[in-house]
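Asks: sequence first, predicted coordinates after that:
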Amino acid sequence: MSRASLSVVSDAVTVRVPAKVNLYLGVGPLRDDGYHDLVTVFQALSLYDDVRLSPATELRVATTGEGATDVPADGTNLAALAVTEVARRAGRTPKVAIDVTKRIPVAGGMAGGSADAAGALVGADKLWGLELERPELSEIAAGLGSDVPFALHGGTALGTGRGEQLMPILARGQFHWVLAMSKSGLSTPAVYRELDRLRESRSDSDIVVERPDALMAALTSGDPSVVAPLLRNDLQPAALSLQPALRRTLRAGVDAGALNGIVSGSGPTCVFLCADEASAVDVAAELSGAGVARAVRTANGPVPGARVVTE
Ligand code: C5P
């Protein structure tokens, strides 16, 4: 008898999945396949989407919460694609209702769609008692999107390739962040295209991506004031070019007392590293009052990746 058939099949499963921030995002030249080689440092933050899977007569997905109306409810939804792929590999039909409670901003540069895909993967595996091994889950995740493996993995990690090849990084203690959500989203492919346009005059050999060795050492020290000046995002000029108002947001966060601020991934969410939790609360209050963001949140990291919270 297979291991799967020995396992208990649950009635419903809820998986909690974190947002990510890129502490470092080095972007290489455009590849022939339309992607860019990356060297990135991810950190998972305590801002979570909840993905609930339950048996149903057919595959459906419903989203509530932060930006829910901007999330597709059809077969192009990444969580639905994740369930469909797990079902295909398990030789099942994907008769599952997926209910997503969103807190991670949609099109915000914090991998919210990838988080939901990772949650759906872990949820389908649990719901159907498959007990897929980590390498297989990671392989399916990478097929769904470059940031999906990190949403599974969590913590702090070095990402290479498209961002899907991960190596854990030792980060001591907790870092305290303030997140400023923008009034409108940015499309990730559009931001990469804008970066390529800004780099038009440079030849590929001029675009060198360095390993963030100093940042990795700083993370091991656990001292946010050492980490802060080493934050870097090659996509930031492209995000600022598409949403110039973000310059004011970044300035407002530093003026409010953050150690440093950068655009998260492809943006437009701006993230601010603070000295400690009390400072993060102060910075968040001041940023809220400055009217430069749609919403302001505090979060800490690193936190674990996708995990089942109820059965
Ligand atoms: O992998 P994912 O589907 O999340 O990527 C979305 C888009 O972001 C890609 O189609 C590509 O335009 C861009 N991208 C990239 N290089 C990467 C990751 C994403 O150009 N390493």
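Replies: Sure thing, it's come through.
Asks: name the nearest residue to the residue most central in space within the chain, ignoring sequence neighbours.
Replies: By CA atoms, centre = their mean, the chain has its centre lying nearest to Ala111, at 2.9 Å. In space, and not counting its chain neighbours, Ala111 is closest to Asp147: 4.1 Å by CB to CB, 6 or more residues apart in numbering. Every residue, glycine included, has its C-beta placed from N, CA and C.
Asks: would you indicate which residues of stretch 54-68 are buried?
Replies: 59, 61, 63, 66-67 (16 or more other CB atoms under 10 Å).
Asks: hmm, the longest strand anywhere in the chain in reach of the ligand?
Replies: The strand that spans the most residues within the chain, counting by DSSP state E, is strand 36-55. Yes - looking at strand 36-55 against the ligand by CB under 6 Å from any ligand atom, the contacts come from 36, 38.
Asks: relative to the helix or strand just after that strand, what are the paired strands and their orientations?
Replies: Using DSSP states H and E, the helix or strand that follows strand 36-55 in sequence is strand 60-65. Here strand 60-65 is paired, per DSSP bridges, with strand 96-102 (parallel).
Asks: show me what whichever helix or strand Ala19 is part of is packed against.
Replies: Assigned by DSSP H and E, Ala19 belongs to strand 13-30. Strand 13-30 is packed against strand 36-55, helix 112-127, helix 148-153, helix 188-198, helix 213-221, strand 232-233, strand 295-301, strand 307-310, with contacts defined by 3 or more CB pairs under 8 Å, 6 or more residues apart in numbering; DSSP states H and E.
Asks: export the ones you listed to a markdown table and append columns for mean pLDDT.
Replies: Converted to a markdown table, the helices and strands packed on strand 13-30 look like this (pLDDT from 0 to 100):
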| stretch | mean pLDDT |
| --- | --- |
| strand 36-55 | 98 |
| helix 112-127 | 97 |
| helix 148-153 | 98 |
| helix 188-198 | 97 |
| helix 213-221 | 96 |
| strand 232-233 | 98 |
| strand 295-301 | 97 |
| strand 307-310 | 90 |
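Asks: excluding chain neighbours, what is closest to Ile207?
Replies: Nearest one to Ile207, counting by CB to CB, 6+ apart, is Pro29 at 4.9 Å.
Asks: how much space separates Ala90 from Lys126?
Replies: Plainly put, Ala90 is 12 Å away from Lys126 if you go by CB to CB, to the nearest Å.
Asks: what about the two, which has more around it?
Replies: Higher neighbour count among Ala90 and Lys126: Lys126, with 22 against 16, using other CB atoms under 10 Å.
Asks: hmm, the more buried one is touching Val13, no?
Replies: Yes - using CB atoms under 8 Å, Lys126 makes contact with Val13 at a distance of 4.7 Å.
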